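Colleague: Need a 3D model of the following:
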Amino acid sequence: MRLIIGNKNYSSWSLRPWILLKHARIKFEEVRIPLFTNEGERMLDELCPAKQVPVLYDDRLVLWDSLAICEYIADKYPAKKLWPVDAVDRARARAMSAEMHSSFQALRNNMPMNCRREVKDFEPDLETEIDIDRIVQLFEQALLDSKGPWLFGHYTVADAMFAPVASRFKTYGVKAPHVTQRYFDKVLNDASMKQWYEEASHENEIIERAEIN
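Modeller: Here you go, the predicted model:
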């Protein structure tokens with residue numbers, strides 16, 4: 001199994017399947033593409049059918065969407081229980097994951113993932129505030145119902161899909177209610193996330209549009 005990812009400092013979509021595989025203790029080969037470079041463009045042409053990361057190669061399968069990759073991993077390794085066991089919780093976890101996949105455009109645009117930065121005095125606009133409030137609403141309800149420590153008790157695809165959100169809240173100094181902040185602290189202090197941050201810190205590429213002043 002081989003996972004093609006982008007820059008760890010910036011690529012939130014790459015983080016999702018990467019951290020799921022790490023949590024599930026599934027061995028995989030990692031190939032990093034330095035995005036927006038000549039070498040990166042060549043690698044995208046060669047390895048990524050949609051010219052985007054991430055991409056998963058598994059025997060003859062080539063899968064090019066982060067949520068589809070996470071779904072495939074969960075299906076291939078059912079013993080890992082990467083979705084909640086309970087049918088109702090599983091449905092809710094899928095809905096949350098799908099919402100993360102398709103929504104929160106203002107947050108994506110105005111709070112791009114940047115593991116190396118801490119932006120001072122960030123003031124989100126109204127649309128970004130609405131996205132922030134919706135994410136907090138989702139987290140508070142899930143954690144209230146599950147009692148934690150992860151969104152649905154044990155680690156699932158939903159936690160992987162929302163992992164970049166914890167990074168974004170940290171980078172831009174966004175305050176969250178106690179329950180959500182405790183969850184973010186767990187995400188950021190997780191060994192896999194620390195590894196991602198450490199490796200991101202050694203990258204030297206700069207993507208200007210992700211460098212919010």
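Colleague: Let me see the contact set for residue 14.
Modeller: 5-8, 53-54, 66 (CB atoms under 8 Å, 6 or more residues apart in numbering). Any C-beta I mention is one placed from the backbone N, CA and C, and that applies to glycine too.
Colleague: which one of these sits closest to residue 32?
Modeller: Taking CB to CB as the measure, residue 32 lies nearest residue 5 of those, at 5.5 Å.
Colleague: hang on, isn't the closest one packed against residue 31?
Modeller: Yes. Between residue 5 and residue 31 a contact is recorded at 7.1 Å, counting by CB atoms under 8 Å.
Colleague: more crowded one of those two?
Modeller: Taking other CB atoms under 10 Å, residue 5 and residue 31 do not tie; residue 5 has more neighbours (21 against 15).
Colleague: contacting residues around the more buried one?
Modeller: For residue 5, the contact set (CB under 8 Å, 6+ apart) comprises 11, 14-15, 18, 30-33, 53-54.
Colleague: Can you say which two of these are spatially most distant?
Modeller: Maximum distance among the contacts of residue 5 (CB to CB): 14.9 Å, for 15 and 31.
Colleague: shaky segments in the chain?
Modeller: The chain contains residues with pLDDT under 70 at 213.
Colleague: For it, just list every one of the strands.
Modeller: 2-5, 29-32, 55-58, 61-63 (DSSP state E).
Colleague: Of those, which is nearest residue 177?
Modeller: strand 2-5 (31.7 Å).
Colleague: Dump that closest one to PDB, restricted to CA.
Modeller: Backbone C-alpha positions of strand 2-5 (Å, rounded to 0.1, in the frame of the first residue of the first chain) are rendered in PDB as follows:
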ATOM      1  CA  ARG A   2       1.400   3.400  -1.100                       C
ATOM      2  CA  LEU A   3       0.000   6.800  -0.100                       C
ATOM      3  CA  ILE A   4       0.900   9.900  -2.200                       C
ATOM      4  CA  ILE A   5       0.700  13.100  -0.100                       C
END
